[in-house]
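Student: I'd like to go over a predicted model; first the sequence, then the structure.
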Amino acid sequence: MLSEMDLEQAKIILGDEFASHADEIWETIQSLHYPTTARVLDIGTGEGKMAIILALMGYKVKTGEPSEDLWADWRTPAQKVGVIKQISFQPFGAENMPFDNNSFDLITAWATFHHIARVHKAIDECMRVLKTNGKLVIFEFNKKGIDKIKALYPNHPDLIDIRDYYNGNPDNISFEAKEEINVFIIQK
């Protein structure tokens, strides 16, 4: 079931911070052609951008981040655009997730992995909970994007290239550079 609100309306209601890169996220996820019945996990909730976009697309989304990192309010924007019931939150760390093997069809992360201490471990853990033929979609800022953030927050972590941390078959990872973000898609 698609949300009654579309992405353009959500961008107007939630403002520039939400709208920034929302179209790129939407187009990338849409290009994967997952049915809305897919089991979806979003890692690193933050302000909820990824979870909200997925919910607007009609997915039910499980999202979470470590309890010590609960710095942002994702519930208010999700409520404002009418998708709060499609998102369930559970605190967890990406390096040790409380989910069974082969639990999710699609795992996403928006600007999350450069905040994770053990990126190799987090990717391995994603592969464990991802179903066979599932995909892990990681959006990370590139140099232009990270420089923009560091201009405002000089102590922000540096950019990372997920390909440097993925130990699997290199044919199973695709990469697309966009203006301020890089998109890495790993097929299990």
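Tutor: Thanks, I have the structure now. Numbering: from 1, shown residues only.

Student: strands along the protein, start to end?
Tutor: Ranges of strands within the chain are 40-43, 61-64, 87-89, 104-110, 130-141, 173-177, 181-187, based on DSSP state E.

Student: among these, which is the most enclosed?
Tutor: For the strands of the chain, the largest average neighbour count (mean count of other CB atoms under 10 Å) is found in strand 40-43, namely a mean of 27. Any C-beta I mention is one placed from the backbone N, CA and C, and that applies to glycine too.

Student: helices and strands around that one, which ones?
Tutor: helix 49-56, strand 61-64, strand 104-110, helix 119-129 (3 or more CB pairs under 8 Å, 6 or more residues apart in numbering; DSSP states H and E).

Student: wait, residue 180 touches residue 143, no?
Tutor: No - contact criterion CB atoms under 8 Å: residue 180 and residue 143 do not qualify, at 9.0 Å.

Student: and these two? which has more neighbours close in?
Tutor: residue 180 (17 against 11; other CB atoms under 10 Å).

Student: I'd like the distance between that one and residue 50.
Tutor: Computed as CB to CB, to the nearest Å, the residue 180 to residue 50 distance reads 16 Å.

Student: tell me which residues touch the residue nearest the centre of the chain, please.
Tutor: The residue lying closest to the centre of the chain (CA atoms, centre = their mean) is residue 109, at 2.3 Å. Contacts for residue 109 (CB atoms under 8 Å, 6 or more residues apart in numbering) come out as 42-44, 50, 94, 136-139.

Student: pretty sure residue 176 contacts residue 142?
Tutor: No - the pair residue 176 / residue 142 is not scored as a contact, 10.6 Å apart, by CB under 8 Å.

Student: shared neighbours of these two, which are they?
Tutor: By CB under 8 Å, 6+ apart, the residues touching both residue 176 and residue 142 are residue 182.

Student: so where is this structure shaky, pLDDT-wise?
Tutor: 1-4, 70 (pLDDT under 70).

Student: if we can go back for a sec, would you reformat the helices and strands packed on strand 40-43 as a markdown table and include distance to residue 78?
Tutor: Output for these, formatted as a markdown table (distance: least, CB to CB, whole Å):
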| stretch | distance to residue 78 |
| --- | --- |
| helix 49-56 | 5 |
| strand 61-64 | 10 |
| strand 104-110 | 14 |
| helix 119-129 | 23 |
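
Student: out of the ones you listed, nearest to residue 149?
Tutor: With CB to CB as the criterion, residue 149 lies closest to strand 104-110 of the helices and strands packed on strand 40-43, at 13.2 Å.

Student: sheet-wise, list the partners of that closest one with their directions.
Tutor: Using DSSP bridges, strand 104-110 pairs in its sheet with strand 40-43 (parallel), strand 130-141 (parallel).
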